[in-house]
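In: The following block contains a protein sequence and its predicted model.
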Amino acid sequence: MKNFKYLVFAFLMLVTESASAEQLSVLEETFFASGKIYVVVTVCMVILIGIFMYLFRTERKLKELEKEVYEKNKES
């Protein structure tokens, strides 16, 4: 959990650093002008949340399997 806090902190630092840039590229200006930047950010966030949920579930299942193997080895 401690590593997750550091990861979130680093991500937020990256986001705030890139958000404070003064010059915008042509692509960024187009996205901001048409309002599509919010769609792009939302899709990226959904993808990242999905990846984190998948990793969390995989880690939990792995811990259960490790516990099961440990119990079987302990009985033998």
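Out: All right, it came through fine. Residues are numbered from 1 along each chain as shown.
In: what's the average pLDDT for the longest helix along the chain?
Out: The longest helix of the chain (DSSP state H) is helix 37-75. For helix 37-75, mean pLDDT rounds to 93.
In: Run through the neighbouring helices and strands of that helix.
Out: Using 3 or more C-beta pairs under 8 Å, 6 or more residues apart in numbering; DSSP states H and E as the contact criterion, the elements in contact with helix 37-75 are helix 26-34. No exception for glycine: its C-beta is placed from N, CA and C like everyone else's.
In: again, 7 Å this time
Out: For helix 37-75, not one helix or strand is in contact under the criterion 3 or more C-beta pairs under 7 Å, 6 or more residues apart in numbering; DSSP states H and E.
In: Give me the angle between that helix and helix 26-34.
Out: Angle of helix 37-75 versus helix 26-34, following axes from the mean of the first three to the mean of the last three C-alpha atoms, to 10 degrees, is 110 degrees.
In: and the residue most central in space within the chain, how far is that from residue 8?
Out: Note on the chain: the residue nearest the mean C-alpha position is residue 48, at 4.0 Å, using C-alpha atoms, centre = their mean. Distance, residue 48 to residue 8, using C-beta to C-beta, to the nearest Å: 11 Å.
In: Over to residue 59?
Out: 17 Å.
In: same question, residue 35
Out: For residue 35, the distance to residue 8 - C-beta to C-beta - is 27 Å.
In: ok now do the residue nearest to the centre of the chain, which residues does it touch?
Out: Residues near residue 48 by C-beta atoms under 7 Å, 6 or more residues apart in numbering: none.
In: which secondary structure element contains residue 3?
Out: In the assignment (DSSP states H and E), residue 3 maps to helix 2-19.
In: what's the neighbour count on the closest residue to residue 40 other than its chain neighbours?
Out: Nearest residue to residue 40 in three dimensions, chain neighbours excluded: residue 31, at 6.4 Å (C-beta to C-beta, 6 or more residues apart in numbering). Burial of residue 31 is recorded as 17 neighbouring residues (other C-beta atoms under 10 Å).
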